[in-house]
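Undergrad: Please find the sequence and the predicted model below.
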Amino acid sequence: MIETWRWFGPRDITTIADVMQTGAQGIVSALHHLPDGAVWTPGEIARRQQEVRLTADGTPTGLEWLVVESLPVSEDIKRQTGDWKAHLAAYRQSLENLAAAGIETVCYNFMPVIDWTRTQLAWRVPHGGYCMRFDAVDFAAFDIHLLKRKGAQGDVSPEIAQAAGRRFAAMSEDDKHALAASVLAGLPGAADTLSLDSVQQHLDRYGNIDAARLRRHLFDFLEVVVTTAERLGMRLCCHPDDPPFPLMGLPRIVSTEGDYRALLDHIESPANGMTLCSGALGARPDNDLSAIMRNLGARVHFLHLRNVRLEGDAVGASFHECEHLEGNVDMVELIAAIVYEEARRRREGRRDHSIPMRPDHGQDILDDIGRGAQPGYPLIGRLKGLAELRGVHRAVERLRTAPA
């Protein structure tokens with residue numbers, strides 16, 4: 001695996017000089033300040049590459065921008081409304097400009113309206129640190145009583161709806177504000193911010209789009225951009241839904257191995273691939289991450305390694321983000337499947353035999369607490385995760401090559 005580190009640019013409180021000390025070999029970044037649907041120009045791309053290559057005092061870092069996360073797909077493209085054809089043309093031009101700059105791997109997602117969703121961004125864990133959490137009852141309280149979405153109560157079980165009512169009645173105004181802020185946090189560093197009113201407006205625009213239609217729109221998008229990416233020698237990799245089940249009445253179409261099979265089978269091209277996010281997919285009890293890697297590994301172009309602890313057995317149950325080697329994902333088994341796939345690629349002579357990986361998210365621990373990093377992206381918590389993942393990876397590789 002190629003160890004990478006997600007960096008949000010000069011406004012990230014983790015500096016590029018800090019990243020140098022993690023041992024990461026490359027950077028995952030994006031031009032978050034540009035609106036969705038805009039062309040990423042050669043000048044903007046070169047500026048970010050220079051920010052990666054040099055520290056604030058001009059010291060060379062030895063790092064390169066290896067993976068784009070994300071080149072966003074606009075809501076107009078997902079709905080096929082408004083300026084969606086112009087946005088498609090801009091997306092293709094951005095791919096051209098990224099390829100000209102030497103960047104080959106582009107992560108994207110097709111989640112409507114909100115990127116990732118949590119109800120608590122700093123939930124205290126027993127050791128005194130903090131993590132992100134999705135609480136099914138809190139989310140129902142948000143959806144039914146704060147957003148007041150039509151049909152929200154019918155989307156959850158009677159038990160969850162009743163519990164949400166009791167919990168909402170006990171909330172202070174500060175509690176309600178904190179819950180709304182957490183749910184609407186969206187992507188850290190994103191150009192746009194959301195309010196309850198703007199979310200409802202977005203939901204209204206998706207009123208007649210079900211899962212089948214949204215999947216058709218995804219396939220239409222791929223039919224246009226994969227041709228460009230293949231010609232440029234690029235790898236597109238779709239990130240799974242986070243969490244991987246429907247929210248706020250919106251369809252989710254990249255949540256299971258079956259969803260990915262449909263996506264990958266639609267266009268048989270090395271340019272049409274997947275981002276295997278163990279934390280996002282791991283939030284469903286029916287997803288077997290190691291099996292997904294074994295079955296679809298040839299098309300995995302990017303890895304997000306993190307872990308979650310499920311707090312129930314049903315799809316849609318509460319979960320929280322735990323330490324990288326704990327939780328419901330067997331990280332050792334998953335890394336073993338990754339090592340096997342990389343060895344298979346080397347035997348085939350594939351140039352992309354080493355898959356970029358980043359330690360995804362992390363708990364706020366020690367000096368992370370109170371630093372104000374983007375939710376899920378503390379320095380020390382992620383560094384701890386990277387060290388653990390690095391140790392497992394090297395041990396698995398050593399054992400695989402050891403004499404019998």
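TA: Okay, I see it.

Undergrad: residues near the closest residue to N287 other than its chain neighbours, how many?
TA: Computed as C-beta to C-beta, 6 or more residues apart in numbering, the closest residue to N287 that is not its neighbour in sequence is L281, at 4.6 Å. In short, each C-beta sits where N, CA and C put it, glycine included. Using other C-beta atoms under 10 Å, L281 has 29 other residues around it.

Undergrad: helix/strand/coil for G273?
TA: strand (DSSP: H, G, I helix; E, B strand; the rest coil).

Undergrad: So what sits opposite it in the bridge?
TA: G273 has the following beta-bridge partners by DSSP bridges: C237.

Undergrad: Run a quick neighbour tally on it.
TA: Going by other C-beta under 10 Å, the residues that sit close to G273 add up to 26.

Undergrad: ok, now D210?
TA: 13.

Undergrad: One more: V392?
TA: Neighbours of V392 (other C-beta under 10 Å): 19.

Undergrad: Surely it forms part of a helix?
TA: Yes. Membership of V392 in a helix is supported by three-state DSSP.

Undergrad: before we move on, what SS does the closest residue to it other than its chain neighbours have?
TA: Excluding its sequence neighbours, the residue lying closest to V392 (C-beta to C-beta, 6+ apart) is I335, at 5.1 Å. With three-state DSSP as the basis, the three-state label of I335 is helix.

Undergrad: May I have the predicted confidence score for I335?
TA: In this prediction, I335 carries a pLDDT score of 98.

Undergrad: do the same with H202
TA: 88.

Undergrad: any idea how far D286 is from the residue nearest to V392?
TA: 21 Å (C-beta to C-beta, to the nearest Å).

Undergrad: Name the residues that touch the least confident helix or strand in the chain by mean pLDDT?
TA: Ranked by mean pLDDT, DSSP states H and E, the weakest helix or strand in the chain is helix 196-205, scoring a mean of 88. With contacts defined as C-beta atoms under 8 Å, 6 or more residues apart in numbering, helix 196-205 is touched by 75, 79, 81, 112-114, 146-147, 149, 180, 184, 194, 248-250.

Undergrad: repeat that for 10 Å
TA: 75-76, 78-79, 81-82, 112-114, 142, 146-150, 180, 183-184, 186, 192, 194-195, 248-250 (C-beta atoms under 10 Å, 6 or more residues apart in numbering).

Undergrad: Please list all residues in contact with C238.
TA: 70, 73, 107-110, 218, 221-222, 253-254, 259-260, 263-264, 272-275, 299, 301-302.

Undergrad: Using neighbour counts, trim the residues you listed to the buried set.
TA: Taking 16 or more other C-beta atoms under 10 Å as the criterion, what is buried in those is 70, 73, 107-110, 218, 221-222, 253-254, 259-260, 263-264, 272-275, 299, 301-302.

Undergrad: and L303, helix, strand or coil?
TA: Applying three-state DSSP: L303 is strand.

Undergrad: who does it bridge with?
TA: Counting by DSSP bridges, L303 forms beta bridges with L276, M357.

Undergrad: can I assume it is in contact with D360?
TA: Yes. If you go by C-beta atoms under 10 Å, L303 and D360 touch, sitting 8.6 Å apart.

Undergrad: list the residues that contact both of these two?
TA: 275, 277-278, 389.

Undergrad: nearest to M293, of the residues you listed?
TA: Comparing the shared contacts of L303 and D360 against M293 with C-beta to C-beta picks out S278 as the nearest, at 8.9 Å.

Undergrad: Give the residue spans of the chain that score low on pLDDT.
TA: 186-194, 403-404 (pLDDT under 70).

Undergrad: what comes up buried for the least confident helix or strand of the chain?
TA: Buried positions in helix 196-205, judged by neighbour count with 16+ other C-beta under 10 Å: 199, 202-203, 205.

Undergrad: and after that helix, which helix or strand comes next?
TA: Using DSSP states H and E, the helix or strand that follows helix 196-205 in sequence is helix 211-232.

Undergrad: who does that next one touch, helix- and strand-wise?
TA: When contacts are defined as 3 or more C-beta pairs under 10 Å, 6 or more residues apart in numbering; DSSP states H and E, helix 211-232 packs onto helix 75-79, helix 84-100, strand 105-108, strand 235-238, helix 257-266, strand 272-277.

Undergrad: orientation of that helix relative to helix 257-266 in degrees?
TA: Taking axes from the mean of the first three to the mean of the last three C-alpha atoms, to 10 degrees, helix 211-232 and helix 257-266 form an angle of 50 degrees between their directions.

Undergrad: Tell me which residues of helix 211-232 come out buried.
TA: Residues of helix 211-232 classed as buried by neighbour count (16+ other C-beta under 10 Å): 214-215, 217-218, 221-222, 225-226, 228-230, 232.

Undergrad: which one is A86 nearest to, not counting chain neighbours?
TA: Using C-beta to C-beta, 6+ apart, the closest residue to A86 is G37 (7.3 Å).

Undergrad: measure the most centrally placed residue in the chain to G128 for me?
TA: The centroid of the chain falls nearest to H239 when counting by C-alpha atoms, centre = their mean (5.7 Å). Distance of H239 to G128, given as C-beta to C-beta: 31 Å.

Undergrad: ok, which stretches of the chain are strands?
TA: 2-6, 26-29, 65-69, 105-108, 120-124, 130-134, 235-238, 272-277, 300-305, 307-310, 319-322, 356-359 (DSSP state E).

Undergrad: The ones you listed: which one's closest to P42?
TA: strand 65-69 (13.5 Å).

Undergrad: How far off centre is the closest one?
TA: How far strand 65-69 lies from its chain's middle: 13 Å, per C-alpha atoms, centre = their mean, to the nearest Å.

Undergrad: same check, this time on stretch 46-63
TA: That offset, for stretch 46-63, works out to 25 Å (C-alpha atoms, centre = their mean).

Undergrad: end-to-end on it?
TA: 14 Å (C-alpha to C-alpha, to the nearest Å).

Undergrad: list the buried ones in it?
TA: 48-49, 51-53, 55, 63.

Undergrad: try stretch 88-107
TA: 88, 90-92, 94-99, 103-107.
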